[in-house]
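[1] dropping the sequence and predicted coords here.
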Amino acid sequence: MKKGHIYFIMWISGSGKWTLIENLKNQNIKWLYFLKSYVTRPMRTWEIDWNIYNFISNQEFQNSINKNEFLEYEYVHNLNYYWTKYSDTVENWIDKWKKVLKEIEIQGLKNIFKNYPGLKNNITSIFLDISEKILEKRINLRWENMSKEELQNRKNSLINEKVESKKHCDYIINTWNKKPDEVLKEVLDIINK
């Protein structure tokens with residue numbers, strides 16, 4: 001039986017995921033490691049490759065699928081692929097009795113439970129929830145030029161992810177009525193159990 005553990009953070013756009021992750025990193029928790037996702041979308045102007053995401057081409061992604069290198073992957077907002085490497089998560093960390101934290105989509109969590117049922121006891125899932133009204137407000141602040149189609153895709157994701165989080169997540173944190181330090185405290189309480 002594997003002794004390592006992974007804390008998956010799931011979210012709705014604008015729920016404060018990256019604020020939470022940065023706040024967790026600033027805690028300098030010696031026993032908690034942060035994994036990065038691989039993504040096929042283009043880098044945004046403020047992003048740096050290998051800082052938050054590992055940016056790869058569609059061809060590299062397809063090669064990894066052909067080699068069965070993923071723990072899970074998702075086509076997000078009908079735009080780009082995001083994925084988690086099996087070796088990054090299981091071989092490099094879980095098998096070595098480490099504790100890790102990673103952001104993931106709910107469908108990815110479901111796929112892991114389906115394809116790797118033996119990992120279920122090594123996973124704690126935390127969902128960051130937000131209201132549709134706050135979602136739209138935060139998206140409009142972050143992306144002035146977001147198309148109506150993409151905004152609708154995100155709203156549709158919100159509705160679906162709220163339903164799915166109630167079925168599959170261990171914890172749901174409503175972030176729209178909390179300050180970042182309150183959300184951080186709730187997550188620290190979970191990972192310190």
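    Great, that's in hand. Fair warning: this is a prediction, and the values are worked out from it, not measured in the lab.
[2] looking at the chain, which helix or strand is least sure?
    Lowest by mean pLDDT, DSSP states H and E among the helices and strands of the chain is helix 132-142, with a mean of 71.
[3] what are the buried residues along the helix or strand that it is followed by?
    Next along the chain after helix 132-142, taking DSSP states H and E as the criterion, comes helix 148-168. Residues Leu151, Asn153, Arg154, Lys155, Ser157, Leu158, Glu161, Lys162, Glu164, Ser165 are the ones in helix 148-168 that count as buried (16 or more other Cβ atoms under 10 Å). The way it works is simple: take the backbone N, C-alpha and C, and place the C-beta from them, glycine included.
[4] for the residue nearest the centre of the chain, give its distance to Tyr7.
    In the chain, the residue lying closest to the centroid (Cα atoms, centre = their mean) is Glu103, at 2.0 Å. Noted for Glu103: a distance of 10 Å to Tyr7, by Cβ to Cβ, to the nearest Å.
[5] same check, this time on Ser64
    Distance, Ser64 to Tyr7, by Cβ to Cβ: 24 Å.
[6] over to Thr40?
    25 Å.
[7] all good on my end, thank you.
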